[in-house]
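Engineer: got a sequence here, can you build the structure:
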Amino acid sequence: MTQILFRADASRQIGSGHLMRCLTLAHALKDKGYSCRFICQNLPGQLGSLVSEQGFTVDLIPVCQNEQDDARYCLERIQAPIELLVVDHYQLGRNYEQQMRGKVANIMVIDDLANRPHDADLLLDQNLVPQAELRYRNLVNSNCILLAGPRYALLRAEFYQAKAEQRTRLLVNFGGTDPDNLTLMALDALDLLKSQPIPADIVIGQSHPAADVIRQRCEQQPLWRFHQQCNYMARLMLQAKLMLGAGGSTHWERCFSQLPALVVTVADNQRQSTQYLDHLGACIWLGDSTQQSIVKLADAIARCWQDEMLLQQMAQKASELLPHQAGTPAVVKAVTELMRL
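Structural biologist: Numbers count the residues shown, from 1 in each chain. Presented below is the predicted three-dimensional model:
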């Protein structure tokens, strides 16, 4: 069976986005008959147990100080030939990839930053930014296949299977780790809106540090529902008429679901695509996490919740960016064609 190796990390500091989108691709490739495994650093808040629960082998390596150490640990754990190495990691680039070349036939890189050179056969950047195809012109080898833009967004199978529902709820999700604890700020903001109670779904990740407090808050409010590390986000998005959350990969899940959003950027790499989506009218950017307050969030929620025309316009713009035939199937097609070359 063809072996595919994923190198991605999750932690309290870096979040879970890299690992989650790799898991999405791994499931899609597994459905095509490929064998997938993961190598992750043993960082605080690592999600190796989640990888195992989803049916994949995971090797935890020590925390690495540089690309050379990372490659050495990875190479020690490769026993059988690897047809494809998938690298989704901001600290790894050409140096790491060149060291891995001796043990892997093909290399795929998933990136957002376009800030370092790569030795890759295929590169995926699913973000929507001006002149996306030109960002990697001097950063990859001439024969590298480039998949650029949200038409290559990695969406889980649930998004292609979910059916439309009545949209009556607010969806709150600030990513897998929520390092700035914006979820609690959002609950405080909703408390300010008790005169116009809003039914809300509150979603947090497996390792959220304030999980117990958030759960207790939700249990005290009959209109709020608490969800932790849920595997049905597509259904929640189709029940929502507005989302409050972070940028990143969630943008494309939301666009695919035609869901308007108030977006707070919680990392530097989220800012460019969020700004551009705001410019296009597909969401409203509220600024960085450091610029938020309870009153600001409450005002933004109240204003949008009552403006049906604005919500309709955002939903239409979002749907135009990611048609239903796009996404994961297009990436899988490109990957399988690469391995057949």
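Engineer: what about stretch 262-269, start to end distance?
Structural biologist: Its start and end residues considered, stretch 262-269 measures 17 Å (C-alpha to C-alpha, to the nearest Å).
Engineer: how about that stretch: buried residues?
Structural biologist: For stretch 262-269, the neighbour count (16 or more other C-beta atoms under 10 Å) marks 262-267, 269 as buried. (Glycine included, C-beta is placed from N, CA and C.)
Engineer: which two of those residues have the greatest separation?
Structural biologist: Based on C-beta to C-beta, the longest span within the buried residues of stretch 262-269 runs between 262 and 269 and measures 19.4 Å.
Engineer: sec struct for residue 236, please.
Structural biologist: For residue 236, the secondary structure call by DSSP: H, G, I helix; E, B strand; the rest coil comes out as helix.
Engineer: could you do residue 218 as well?
Structural biologist: Classification of residue 218 by three-state DSSP places it in helix.
Engineer: how many residues are close by it?
Structural biologist: The tally of other residues near residue 218 (other C-beta atoms under 10 Å) stands at 19.
Engineer: the one 10 residues further on too?
Structural biologist: Here the number of neighbours of residue 228 (other C-beta under 10 Å) works out to 14.
Engineer: and for the one 5 residues further on?
Structural biologist: Each residue near residue 233 was counted by other C-beta under 10 Å, and the total is 21.
Engineer: equivalent analysis for residue 136, please.
Structural biologist: Every residue meeting other C-beta under 10 Å relative to residue 136 is counted, giving 19.
Engineer: same thing with residue 191?
Structural biologist: A count of neighbours around residue 191, defined by other C-beta under 10 Å, yields 12.
Engineer: just list whatever residues bridge to the residue nearest to residue 110 when sequence neighbours are not counted.
Structural biologist: Excluding its sequence neighbours, the residue lying closest to residue 110 (C-beta to C-beta, 6 or more residues apart in numbering) is residue 88, at 4.0 Å. Going by DSSP bridges, residue 88 is paired in beta bridges with residue 8.
Engineer: mind listing what's buried in the helix or strand hosting residue 278?
Structural biologist: For residue 278, the element it lies in under DSSP states H and E is helix 271-280. In terms of neighbour count (16+ other C-beta under 10 Å), helix 271-280 has its buried residues at 272-274, 276-278.
Engineer: and those residues, which is closest to residue 21?
Structural biologist: Of the buried residues of helix 271-280, the one sitting nearest to residue 21 (C-beta to C-beta) turns out to be residue 273, at 14.2 Å.
Engineer: and the residue nearest to the closest one when sequence neighbours are not counted, how many residues sit next to it?
Structural biologist: What sits nearest to residue 273 in space, not counting adjacent residues and going by C-beta to C-beta, 6+ apart, is residue 127, at 4.4 Å. Burial of residue 127 is recorded as 27 neighbouring residues (other C-beta under 10 Å).
Engineer: could you do residue 238 as well?
Structural biologist: The criterion is other C-beta under 10 Å. On that basis, residue 238 has 18 neighbouring residues.
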